[in-house]
Each structure stands twice: as C-alpha cells, then as structure tokens.
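Participant: can't give you the sequence, but here's the structure:
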C-alpha cells in the first residue's frame with residue numbers, strides 16, 4: 001500500500017503542470033534543492049554500453065581527433081563566421097567555441113518563431129493524416145534548405161526496413177561526408193474516432209435517454225482556427241477500446257491506484273460501473289487500466305477547473321476566448337495506452353513496425369471503452385447523479401441512481417507515420433548527439449507540440465547558419481521530427497527499436513523538447529549526468545523578458561493573474577513547489593523514453609509550463625490554438641526563442657567539447673538519495689532487505705567516478721600541454737612529422753603541407769573512413785612531442801568512451817518485473833503513475849506494491865551486481 005502522503009506526492013507531480021503539461025517530476029523521488037543544486041566535483045560525463053571490446057573498437061577516430069585539434073589551434077586562415085579567407089588570425093580553441101556559441105545565439109528570433117508557429121499551428125495534423133504527411137515534407141524541406149542539401153530527383157522518403165532507410169541512418173557514422181535528410185515510414189496500428197458514433201447519455205429507469213452529452217467543443221468564432229477546425233478531430237482516446245458500456249456512475253477523483261484502493265476500502269463495488277475521473281496525477285491510460293482491473297465497464301475522463309489555480313470563472317475571469325479562464329466546452333483528447341508496460345506500436349513490442357512486421361496481440365491497451373468529456377458535460381453528471389462536485393480530493397463513494405450509456409466508436413488499422421530526419425556529420429563521426437521533437441498533434445497543438453517544433457525550427461536555423469559559414473561539428477548531430485508521439489511515443493520508439501544497436505554504440509546523449517511553451521515557469525528534467533551542463537547553459541541564456549536575469553532564473557516565474565484557489569489544490573501545490581530550482585529525473589510521457597528507459601542514453605527535456613496564476617492551458621483541445629499561444633502563453637514569442645537558444649547551446653556543448661560534458665559523479669551521488677527514498681517508501685521494516693551491500697556498491701561507484709574525474713582533468717591537461725609543444729614548432733617540418741606518422745600508422749594519404757591550412761577539415765572527415773585499430777596506436781611508444789600528443793589524445797578518447805557507457809551501465813537485459821520492455825534499473829516511469837518517475841524501480845516496486853521481501857532481496861542483489869560492474873568498468 002502507498003501511504004496518503006505518498007499518494008499526495010503522486011497527485012502533485014501531475015498538478016505541477018496544471019493537469020495538462022506532461023509532468024516528469026514527482027513519484028517516489030524528490031531531488032535535492034541545495035543552493036548550488038549540484039555537488040562537486042563537477043566532472044563532465046556520459047555513456048556507451050560498457051563492454052571493454054567497445055572501448056577500442058573504433059580507434060579509427062583518434063588520428064582525425066588529434067589532428068583536428070592541432071589544426072583548430074594552429075590554422076591561420078579559416079573562413080568562419082564572416083571572416084574573409086585572406087584575413088589571418090589565430091585563436092585558442094576556447095575562443096573558437098565561444099565564437100561559435102555567440103554566432104548561434106544571434107540567430108533564433110521572435111519574428112521567425114512567430115512565423116513558423118503560424119505555419120505549423122493553424123491546421124490540424126493528427127498522426128497519420130494527410131496534413132501530417134505534408135508537415136513531414138515541409139520539415140524535410142526546412143532541413144534541406146538550412147543545411148544546403150540539394151533536393152534529389154526522387155523524394156528521400158523510405159519505408160522503414162528498406163535498404164535505403166537502413167543506409168540513411170547507419171551511414172551517418174561511417175561514410176556520410178555532408179548533411180543528408182530523409183523520411184522514414186513506419187506502420188503502427190492506430191485508431192481514429194467516428195464523431196457520429198460517440199455517445200454519452202443518461203438513461204431513465206426504463207432505459208430511455210433523458211440527457212445526451214454533446215461531445216463537442218463549441219469552436220467560438222473569436223478564435224478563427226478553433227472555429228474552423230472544431231469538427232476535424234472528434235474527441236476520442238488513442239488506443240481506446242471500441243464498444244458500448246452501460247452502468248451506474250462512480251466518481252474516482254484522479255483515478256489513481258490509491259483512489260481505487262480507497263473506494264474498494266470504503267466498500268464501493270466497482271464491478272459493472274462506469275467511472276468518472278478527472279485528468280491529472282497519473283497518465284490517463286492508467287485511470288482506465290485501474291478501472292478495468294476492478295471490474296468497471298467504462299471510463300469517462302474530464303478536465304476539472306479546480307486544478308486551474310486562480311484563473312477560474314468562479315474567480316470572475318471570463319472563459320476563453322473572451323478571457324483567460326478555461327473554456328468549459330474544451331475536451332482533452334489523448335492516448336490511453338498503458339504506458340507503464342511498454343511504449344510504441346502495441347502490436348510490435350521491442351521490434352520495429354515495418355509494413356510486413358509480424359504482429360502480436362497487444363497487452364498495453366484497454367479492453368473497456370473510454371471517452372473524454374468537457375467540464376460542461378461532467379458538471380451536469382455530477383449534479384444529476386452524484387449530488388454535486390465533491391470537495392477537494394475527497395471520495396464519498398456515492399453511486400449514481402440511474403444508468404449511463406456510453407459508446408466509443410473507433411476504427412483501428414495499420415497506419416503509415418513519418419519520421420523526418422537530418423544528419424550533420426562531424427569530424428568524429430561515430431559519436432552522435434541526437435536532438436528531437438515530435439510533430440503530430442491531437443488538433444492544431446500550438447503548444448503541444450508546435451511550440452517545441454518552433455523552438456526546434458530555430459535551432460535548425462541557428463546550426464544551419466553556422467554550417468553555411470564554415471563550421472563543422474566535432475561530433476555528428478542527428479535531428480529528428482518524430483511522428484505519432486501523441487498515440488504513445490510511437491515514431492521515436494519504432495526508430496529506437498529499429499536502430500537499437502547503432503544507438504547504443506554511437507549516441508552520446510538525447511536532447512528532447514516537446515511543449516516548449518504553455519505557461520510562465522521554465523523547468524527541466526534530465527539524467528543526473530546532464531544536470532551540471534543544463535544548469536550552466538541555462539545561466540548563459542538570457543531570460544526571455546527580463547534583461548537582468550537568465551533562463552535559469554525563470555524557474556521562479558509565475559503568471560500574471562491572481563485570486564483564491566481551491567484549498568486542497570493550494571495545499572498540494574505548496575507542498576510540491578520548492579524555494580530552489582531543481583533538475584529532477586525523467587519518467588515518461590515524451591520521446592526520450594525509448595532512449596533513456598530502454599537503451600540507456602542520457603536524456604533531457606525542458607520547457608515553460610503552467611503555474612496557478614497562468615491562464616489554464618487547453619491541453620489536446622481545439623483551443624490549444626495559435627490565438628491562445630499569442631495572447632496568453634507567449635506574447636511576443638520570446639520564450640520560444642529562449643528554449644531554442646538553450647537547446648542549441650546544449651547541443652553545441654555536447655557536440656564540440658573535447659571531454660564530453662557529462663557528470664558521472666553527480667549521478668553516483670544521487671544514488672544514495674534514491675536508496676533513502678526506497679527506505680522511506682514503506683513503514684514495514686520487515687519487508688526491507690539488507691541494503692548495506694547496495695550502499696557499499698554505490699560507494700565503490702562514487703570512488704571510481706571521483707578517480708575518473710581526476711583522469712578527465714589530467715587527460716585534458718596532458719592533451720593541451722602536448723598540443724602546445726607541437727604548436728610551438730609552427731613549421732613545415734613538424735607538420736611533415738605528423739603527416740609521416742599518419743601515413744605509417746594509418747596507411748592513408750594525408751594532404752601536402754601547403755594544403756593543411758585550407759583543406760584540412762575536408763581531409764579529416766575522409767580520414768575517419770579508414771581503419772584505425774588499437775594496434776596502430778600502440779606502435780607509437782616513442783618519446784617526443786608527437787608521441788606525447790598521440791598518447792594524450794588516446795587518454796581523452798578513452799575517457800569519453802567511459803562517459804558514453806555510463807548510462808548504459810544501468811540497463812538490465814532482463815528488464816523490470818511485469819514490464820520487461822523497460823530495462824533501466826535506475827529510473828522508470830512509475831508503475832501506477834505513467835508520467836512521473838520512480839527511482840530504483842525494481843527494488844521500490846517490490847517493496848511498495850508487491851510487499852515481498854524475497855523479491856526485494858532479489859532486486860537489491862541484481863541492482864548491487866549491476867552497480868559493482870559499472871564501478872569496475874569506470875576504473876582508470
């Protein structure tokens with residue numbers, strides 16, 4: 001059982017984004033809130049799957065890696081950022097990076113962001129629809145234009161699994177020499193709703209309808225796009241079960257695991273009943289799952305204005321579009337997949353949804369119907385059947401006297417979806433920084449996800465401007481516009497399952513954006529290894545509206561409205577919020593899920609969300625519109641720009657840093673707090689296993705990480721020292737020695753001395769296509785500046801390989817009990833939460849839900865073994 005306080009914490013985790021934005025905080029873990037936020041030493045770090053064979057498998061990069069930095073320090077005539085080729089200059093690598101960042105930050109603009117939003121958010125683009133396909137091609141054209149990619153005769157749109165699709169991704173880390181863009185087509189099973197067949201009605205004692213819900217948003221003509229497209233996507237739930245249900249109504253608050261337990265404990269029989277629940281606290285699919293497990297026959301889910309904070313009609317605010325309060329007819333669509341079991345296409349769990357894929361019977365979608373309701377319709381049901389709206393979060397267990405009939409008319413079929421991709425090859429091709437945002441929306445989706453798409457649009461413009469002016473990333477960058485996220489993270493998951501081995505071998509980090517703007521307060525969640533990097537980058541980005549502050553300060557921003565709030569909501573909000581900013585762990589609810597939770601790639605997510613004093617966000621409604629975005633969410637579009645600047649800065653620092661800016665020590669230290677949370681999660685000490693071996697393993701990991709921090713610093717220092725010795729020569733003889741070494745040990749041609757300064761970068765890229773093994777490196781054991789330089793470069797490369805492997809170290813091939821698709825033993829979406837994270841999930845759930853000491857001992861033992869292996873791997 002979960003205690004009341006823990007249940008309350010779960011409720012709070014979702015309300016933090018006002019029952020609308022996809023919450024990533026909460027659950028069993030409450031991160032630290034110290035002033036500096038993160039402990040020292042701040043070693044910069046990240047990961048790759050940690051077999052020793054992987055570490056030196058691709059030493060082909062080292063030769064190019066070494067000479068790249070030699071050239072960056074010593075090239076006297078490089079055309080970059082507007083400098084003419086005949087203008088000689090010399091600058092340090094730090095200055096070079098600073099100039100790149102300044103050049104990037106100058107590009108994203110409010111004018112461009114606003115124009116892009118008006119292009120993308122003024123028409124529906126449901127996944128799999130014609131408009132969605134057109135948007136996929138529009139994003140493809142953007143990628144081609146900004147990165148100078150010539151338009152091929154045949155559109156680069158490839159069925160997933162085809163040789164062309166495979167080659168497009170796999171070539172990015174091998175033979176790709178210039179940017180390339182393409183579209184991958186996957187074929188998941190998805191459903192669509194039939195508006196004429198949807199029914200919610202109240203029946204008389206003779207089973208005749210006496211009231212019928214309109215199941216329609218009013219489409220007020222003052223919001224032109226909402227009025228124009230109010231019939232375009234009927235209110236329905238993605239992956240909901242088709243069918244009819246008749247039963248008495250029972251109110252279940254948020255429909256959480258704890259809410260259902262309380263109803264059962266109060267003697268309420270849910271068998272044969274229709275559940276009325278409000279959005280918030282957990283993923284909507286888990287409301288349906290819980291109802292089905294207790295024998296209910298249907299579920300109705302509505303948006304409750306009590307979760308809108310101060311900005312309500314009751315407080316005197318006009319409903320949208322006349323004012324900022326919730327439009328009472330707005331309806332939240334959304335997926336009811338059982339997200340905690342697995343994500344992606346329900347019929348192809350763990351493998352990609354090719355057109356000819358073998359499909360299985362889904363185990364993560366409901367078998368009882370559900371429908372979304374407006375507050376206007378839900379309020380009438382409360383008044384007619386349940387004696388009014390219950391106070392706060394109280395459950396009175398009242399059962400309606402009359403029956404409700406509901407019909408969910410949906411059609412499920414194999415439907416094509418389109419992921420649009422672009423790759424910008426780096427000098428070090430086999431290390432990849434991945435950046436993505438989904439493109440599909442339930443209707444127009446001005447906030448979800450178009451605000452994210454707009455921020456990504458500005459990132460593409462910024463990186464494209466750098467590329468056109470001579471910059472090439474040190475590491476490869478891949479940018480994705482994912483499809484069908486709204487149905488259950490489908491596009492990103494299918495691509496992740498399709499290229500799982502490639503991702504685990506090459507991807508350094510995944511930077512996600514989804515809803516970049518839906519309110520006033522900026523927040524971020526991430527793998528702990530990324531926390532320092534995010535904090536520093538946010539402090540280097542200007543605040544969107546206050547020149548005296550930074551983006552990091554926007555952690556404290558609030559909306560412009562005021563007024564009393566529901567007492568229960570106020571108490572929970574105050575308990576959840578903190579006086580200090582924090583970066584919490586990721587659960588699920590957006591496209592980072594497959595990369596972090598299944599493949600072990602350090603990931604992040606960020607955006608501006610709602611506060612109690614913001615205009616309520618009409619999540620998944622026709623009123624998530626361009627007008628609402630311009631009037632209430634981000635007048636001027638400055639927040640869109642701030643997110644774009646931060647996303648780009650994160651990407652550049654992950655891409656161009658000599659040592660990967662990831663912090664294993666931060667992660668290792670957080671593990672102690674995760675264990676503390678496990679202990680606090682139960683009052684039954686007899687269930688707790690002996691956690692001393694786990695504590696000892698964590699201490700070993702911390703010690704290994706501290707030593708890795710020292711090695712990173714020493715390796716970088718040695719590299720710069722060796723480079724300085726070589727750079728002092730500044731003569732053709734020294735350069736000839738480098739060329740001679742490359743010829744002898746790599747067996748490839750190098751440019752002539754006179755060509756180094758002007759053709760070096762092109763040559764360096766081609767050089768990475770040649771083989772370069774550990775044996776080649778080991779031949780260089782002599783003394784002198786060149787040998788020192790090669791050895792130093794080898795140390796840097798080895799440190800980076802350990803960093804890449806760190807997050808992979810938490811992956812267990814056996815996965816988490818009862819939901820083996822999730823394989824990260826450090827963090828997972830809460831089993832009964834969906835969005836919010838549970839840290840040390842296998843161990844926590846064995847104690848909290850299973851209440852099984854033997855199982856808890858097993859989970860503690862395998863977690864201990866995993867961490868000990870990771871500590872051993874990190875040793876230097």
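Facilitator: Sure, I can see it. Because the structure is a prediction, the values reported are computed rather than measured.
Participant: low-confidence regions, the protein specifically.
Facilitator: For the chain, the stretches with pLDDT under 70 are 1-93, 727-782.
Participant: ok, 80 please
Facilitator: Residue ranges of the chain with pLDDT under 80: 1-94, 391-394, 572, 574-579, 723-786.
Participant: first-to-last residue distance for stretch 613-621?
Facilitator: Using Cα to Cα, to the nearest Å, the end-to-end distance of stretch 613-621 comes out at 20 Å.
Participant: please state the offset of that stretch from the chain centre?
Facilitator: The chain centre lies 21 Å from the centre of stretch 613-621; the measure is Cα atoms, centre = their mean, to the nearest Å.
Participant: likewise stretch 326-337?
Facilitator: Using Cα atoms, centre = their mean, the offset of stretch 326-337 from its chain centre is 22 Å.
Participant: ok, and for it, which residues are buried?
Facilitator: By neighbour count with 16 or more other Cβ atoms under 10 Å, stretch 326-337 contains the buried residues 326, 327, 328, 329, 330, 331, 332, 333, 334, 335, 336, 337. Any C-beta I mention is one placed from the backbone N, CA and C, and that applies to glycine too.
Participant: between all of the residues you listed, which two are separated the most?
Facilitator: The distance between the two most remote of the buried residues of stretch 326-337 (Cβ to Cβ) is 27.8 Å, for 328 and 337.
Participant: which secondary structure elements does the strand or helix carrying residue 801 contact?
Facilitator: If you go by DSSP states H and E, residue 801 is part of helix 785-806. Helix 785-806 is packed against helix 52-55, helix 60-74, helix 664-680, helix 692-729, helix 732-746, helix 853-874, with contacts defined by 3 or more Cβ pairs under 8 Å, 6 or more residues apart in numbering; DSSP states H and E.
Participant: residues in contact with the spatially most central residue of the chain?
Facilitator: Residue closest to the average C-alpha location in the chain (Cα atoms, centre = their mean): residue 592, at 3.4 Å. Counting by Cβ atoms under 8 Å, 6 or more residues apart in numbering, residue 592 touches 510, 512, 586, 603, 604, 605.
Participant: wait, the fourth one touches residue 510, no?
Facilitator: Yes. With contact defined as Cβ atoms under 8 Å, residue 603 reaches residue 510; the gap is 4.4 Å.
Participant: helix or strand: which one has residue 95?
Facilitator: Per DSSP H and E: helix 93-105 holds residue 95.
Participant: now that helix: how far from the chain's centre is it?
Facilitator: Using Cα atoms, centre = their mean, the offset of helix 93-105 from its chain centre is 26 Å.
Participant: list the buried residues in it.
Facilitator: For helix 93-105, by 16+ other Cβ under 10 Å, it's 96, 97, 99, 100, 101, 103, 104, 105.
Participant: how near is the last one to residue 210?
Facilitator: Relative to residue 210, residue 105 is positioned 62 Å away (criterion: Cβ to Cβ, to the nearest Å).
Participant: the fifth one too?
Facilitator: Using Cβ to Cβ, one gets 65 Å for the distance from residue 101 to residue 210.
Participant: my guess is residue 210 contacts residue 384, does it?
Facilitator: No. Counting by Cβ under 8 Å, residue 210 does not reach residue 384; the two are 9.0 Å apart.
Participant: the two: which has the busier surroundings?
Facilitator: Using other Cβ atoms under 10 Å, the more surrounded residue of residue 210 and residue 384 is residue 384, with 17 against 12.
Participant: ok, that one - contacts?
Facilitator: Residue 384 sits next to 202, 211, 402 when contact means Cβ under 8 Å, 6+ apart.
Participant: tell me which residues form a beta bridge with the residue nearest to the second one when sequence neighbours are not counted?
Facilitator: Spelled out, that is residue 211. Nearest non-adjacent residue to residue 211, counting by Cβ to Cβ, 6 or more residues apart in numbering: residue 202, 4.3 Å away. Counting by DSSP bridges, residue 202 forms beta bridges with residue 211, residue 404.
Participant: neighbour-wise, which one of the contacts of residue 592 leads?
Facilitator: residue 586 leads the contacts of residue 592 on contacts (other Cβ under 10 Å) with 31 neighbours.
Participant: would it be right to say that it lies in a helix?
Facilitator: No. Residue 586 is assigned coil when assessed by DSSP: H, G, I helix; E, B strand; the rest coil, not a helix.
Participant: for residue 454, see how far away the closest residue to residue 438 other than its chain neighbours is.
Facilitator: Closest residue in space to residue 438, ignoring its immediate chain neighbours: residue 485 at 3.4 Å, by Cβ to Cβ, 6+ apart. As judged by Cβ to Cβ, residue 485 and residue 454 stand 16 Å apart.
Participant: neighbour count: the two, which is higher?
Facilitator: The neighbour count for residue 485 versus residue 454, taken as other Cβ under 10 Å, is higher for residue 454 (33 against 29).
Participant: list the buried residues in the helix or strand hosting that one.
Facilitator: Per DSSP H and E: residue 454 is located in helix 450-468. Of the residues in helix 450-468, 450-467 count as buried by neighbour count, 16+ other Cβ under 10 Å.
Participant: tell me which other helices or strands it touches.
Facilitator: Counting contacts by 3+ Cβ pairs under 8 Å, 6+ apart, helix 450-468 is packed against helix 93-105, helix 110-120, helix 130-146, strand 417-424, strand 428-438, strand 475-482, helix 638-656.
Participant: which one of the ones you listed lies closest to residue 808?
Facilitator: Closest among these, using Cβ to Cβ: strand 428-438, at 13.9 Å.
Participant: given the closest one, what are its sheet partners and their directions?
Facilitator: According to DSSP bridges, strand 428-438 has these partners: strand 475-482 (parallel), strand 507-512 (parallel).
Participant: just want the angle from that strand to helix 785-806.
Facilitator: For strand 428-438 against helix 785-806, the angle by axes from the mean of the first three to the mean of the last three Cα atoms, to 10 degrees is 30 degrees.
Participant: burial check on residue 724, number of neighbours?
Facilitator: Residue 724: 12 neighbours (other Cβ under 10 Å).
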